[in-house]
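> model the following, please.
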Amino acid sequence: MKRRAQIALIGVVLLAVASWAAAQGTLQVPTGTPQPTIRFGNFIEVGNDILMHIIASSEFVYNTSENFDFERKVRERVSARGDTDTSPNRSGSDTFWMQSRFGVDFRYQKSTELQLVLQQVTTLDGNTTDDRMNSTNPGGTDVFGRAAVTENKGFFCVYCWLDYKFEGTPLRLRVGYDLWRVDQAGLIGDNDPRIAFFGDFGDFDVMAAAVYQYTSQRIGLTNDNSLIYYTFSAGYNLRPHRFQLDVIWARDRFAGADLGQPRTTGNGIGTLGQKSDSVLVSGSWSGRAGIVRAMAQGMAVLGHAKGANAAGIAQAGLTGVRGPDRDYDIFAGGVVAYGEADLGLVRPFVGLIWGTADGDPTDHKLHGFNPLSFQTTTQLTGTTWFAHLDTSNALSSRDYSCPGRFQGLGVVTPAAPAVASTTNPGAPGIAGRSGPLVPASDPTQVVDGQRNPYATGIQVTTATPSTGFAECGHTVTNPYNDRLGQTSHLGLFSNYSNPGTLLIPAGVRVFPLKGYEINAWYIYKAMVNTKLLEAAFAPELQVRGGGIRKAQYNEIGGAVLWTINPNFDIRAAGNVAFAGGGSLDLAHLGNCNTGGGGAYGSSARCGGKDAALRGEVRFRARF
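As a prediction, this is how the structure comes out:
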């Protein structure tokens, strides 16, 4: 009730201010002398030296997909049922949804700025357009065993910040959460709340900020149980070139905090007692030479992580498998590069995204590259370098579902194949999937009546049966394979444990007429080392035979953007993807009997040979 009152109050205040500014023909100053309203571009003077700009935008998108898991024999499903959940919007779903924003931007002279922007995202039908406060999804528990969820919708503050320029100095302060990025490739950026200081010294600029990712207050704790990361940046402009150095220190004490039981990994939570300190050092260049504009960024991650403490080892069921407080050294590297030739109406482009892999879950080193130590979005397609690939599921939008959705894995018994559970991470009834955990030096060893602790099965994906194993390899807008292998190093939940990434986009941008842009591309995505996955699915691979290759998929995509006027545009986009060798091997692990039933050993393998299709049409207005 309190939250509703706050939302209503904010809405009333914003509407009152807006109507006051729009309806007023004169501005009353203290003397009472009528003064004409003064406009400065999109800003209106609403007080002495106080300017205001109304911010309003709305986009309506129809999204459709088919075989998002490369397998027509497995029943399609959305990743979430909530009408305000954004995960189905640009992935495997057939939805009509809306994102609307409303806010204000205030400025005082040249020193102070305040912005408040509210947002609502809702999947639309004839019922959700009505008030759904405290209502639930229709139909109760669905066919996949997922319970109904509430459909409360409402505006929330998506960008709320204040900015102050220290007059007479090159320094500026910004506090709150705006849409920001640090490095030139946009890998470090979000609307996470921060306190940031900027210095502008002409061709040389600097920035330092402290960013709150997870606060311990949300899990009922205080003091040293938060995840805060610190960003430092220095840039030099030698036009048309820019050189930049960025350092990001992530100090994570949230993932290993002392929580109640049962404890589940994901959403910032790892194993009890784990700690992580990592530093990303990034150097980049961007510039233009003749008709070619390009950018190159090299990165290295250094640091230290500590696994679960004794209590965490016990709660993870790993007592006797490995001692507590295992230390890990972090050392990984990555590259992002992009080049584009401006030939007038046509602009061909090519890019490269690469990250090192971790290939040994038994050692004390973490070599899998990821920009940060936790799962988060990036601003890669918020830059001019990759913005035209915003609708690609390989690069920006949510990843394709795991091949065949691992049907038949993670179920309690073959008799109930539709009721998936992570209590058994593999196929029931096969060697290596039952019995006590037994220490093993060989992560791929399979012994009947025993469980190899490295055979983590579907847990290696960090996806779940309830979501249909959506976002299999990467988090939305993060091109790196940050979702694979996070649980491979026992007693530790880490983004730096992953099979690496190789992603090559190539295509062309065409500008046939004023207001039109046509983009077409091909993207190849692969892992660098698949040993983590081969260990996770060793029992299933013993039945199916073979290993897991590196290629994930090949995507062909395109988009047409029609900008009718400065405030309104229409975009139509679509992708078709074909599974690579690695995805085909993962699909073969699935049970493609009807509904995933029957004994695993004699079940039909899923093929993974069907093309994954997705299309969307977007109507957007911005003021």
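> which stretches of this structure have low pLDDT?
1-40, 323-325, 412-423 (pLDDT under 70).
> show me where it has helices.
2-23, 310-315, 531-536, 538-544, 581-588 (DSSP state H).
> where is the longest strand in this structure?
strand 50-66 (DSSP state E).
> kindly export that strand (C-alpha atoms) in CSV.
The C-alpha coordinates for strand 50-66 follow below in CSV (Å, rounded to 0.1, in the frame of the first residue of the first chain):
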residue,chain,number,x,y,z
ILE,A,50,15.4,27.2,-13.6
LEU,A,51,14.8,25.3,-16.9
MET,A,52,12.6,22.2,-17.3
HIS,A,53,12.4,19.6,-20.1
ILE,A,54,9.6,17.0,-20.3
ILE,A,55,10.9,13.5,-21.2
ALA,A,56,8.4,11.1,-22.7
SER,A,57,8.9,8.0,-24.8
SER,A,58,7.1,4.8,-25.7
GLU,A,59,7.8,1.8,-27.8
PHE,A,60,5.5,-1.0,-28.8
VAL,A,61,7.1,-4.2,-30.0
TYR,A,62,5.7,-7.4,-31.5
ASN,A,63,8.2,-10.3,-31.0
THR,A,64,7.8,-13.8,-32.5
SER,A,65,10.1,-16.8,-32.6
GLU,A,66,10.2,-20.5,-33.5
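> renumber starting at 21 from here on
Got it, first residue is 21 now, which makes that one strand 70-86.
> what packs against it?
helix 22-43, strand 63-67, strand 115-128, strand 632-642 (3 or more CB pairs under 8 Å, 6 or more residues apart in numbering; DSSP states H and E). Just so you know, the C-beta spots here come from the backbone N, C-alpha and C atoms, and that holds for glycine as well.
> what's the burial count for the residue nearest to residue 78 when sequence neighbours are not counted?
Distances taken as CB to CB, 6 or more residues apart in numbering put residue 120 closest to residue 78, at 4.2 Å, once the chain neighbours are dropped. Neighbour count of residue 120, defined by other CB atoms under 10 Å: 16.
> could I get the full set of strands for the stretch 471-620 of the chain?
Secondary structure of the stretch 471-620 of the chain by DSSP state E, counting those that start in this stretch: the strands cover 521-530, 536-546, 571-585, 588-599.
> hmm, who's touching the shortest one?
Pointing back at strand 521-530 there. Outside strand 521-530, the residues within contact range by CB atoms under 8 Å, 6 or more residues apart in numbering are 354, 360, 365-375, 389, 406, 408-409, 412, 414-415, 494, 499-501, 537-548, 570.
> only whichever of those are buried, select them in ChimeraX.
Those of those that count as buried under 16 or more other CB atoms under 10 Å are selected in ChimeraX with:
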select :354,360,367,369,371,373,374,375,389,406,408,409,412,414,415,494,499,500,501,537,538,539,541,543,544,545,546,547,548,570
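> pretty sure residue 547 sits against residue 570.
Yes: between residue 547 and residue 570 a contact is recorded at 4.9 Å, counting by CB atoms under 8 Å.
> find residues that contact each of these two.
By CB under 8 Å, 6+ apart, the residues touching both residue 547 and residue 570 are 522, 602.
> quick check: closest non-adjacent residue to residue 385.
With sequence-adjacent residues excluded and distances taken as CB to CB, 6+ apart, residue 385 is closest to residue 349, at 5.3 Å.
> what does residue 598 give?
residue 574 (5.0 Å).
> next one: residue 292
Residue 292's closest residue in space is residue 332 (CB to CB, 6+ apart), at 3.2 Å.
> ok, the one you found to residue 515 distance?
18 Å (CB to CB, to the nearest Å).
> neighbour count: these two, which is higher?
Remark: of residue 332 and residue 515, residue 515 carries more neighbours, 31 against 22, as counted by other CB under 10 Å.
> what's the separation between that one and residue 480?
Distance from residue 515 to residue 480, by CB to CB: 13 Å.
> shared neighbours of the two, anything?
residue 506.
> of the strands of the stretch 471-620 of the chain, which is nearest residue 141?
Closest to residue 141 of the strands of the stretch 471-620 of the chain, according to CB to CB: strand 588-599, at 17.4 Å.
> name the helices or strands packed onto that closest one?
strand 571-585, strand 632-642.
> does residue 98 really touch residue 117, like I thought?
No: taking contacts as CB under 8 Å, residue 98 lies outside contact range of residue 117: 11.6 Å.
> which parts of the stretch 171-320 of the chain are strands?
176-185, 191-197, 200-201, 209-210, 214-221, 224-234, 247-258, 261-272, 295-309, 312-326.
> out of those strands, which gets nearest to residue 584?
Closest among these, once you apply CB to CB, is strand 176-185, at 25.7 Å.
> give me the contacts around the closest one.
Here strand 176-185 has contacts from 27, 30, 121, 123, 130-140, 191-199, 211, using CB under 8 Å, 6+ apart.
> report the buried members of these.
30, 121, 123, 133-138, 140, 192, 194-198, 211.
> mind listing what residue 328 touches?
Counting by CB under 8 Å, 6+ apart, residue 328 has contacts 276, 291, 292, 293, 294, 335, 336, 338, 344, 511, 512.
> with residue 206 instead?
Taking CB under 8 Å, 6+ apart as the criterion, residue 206 is in contact with 398, 399, 400, 401, 402, 403, 405, 406.
> do that again at 6 Å, thanks
Neighbouring residues of residue 206 by CB atoms under 6 Å, 6 or more residues apart in numbering: 398, 399, 400, 402, 403.
> so which of the residues you listed is the closest to residue 145?
Proximity of those to residue 145 (CB to CB) peaks at residue 402, which lies at 30.4 Å.
> quick check: the gap between that closest one and residue 200.
Taking CB to CB, one finds residue 402 at 10 Å from residue 200.
> ok, now residue 407?
In terms of CB to CB, residue 407 sits 16 Å off from residue 200.
> who has more neighbours, these two?
residue 200 (21 against 13).
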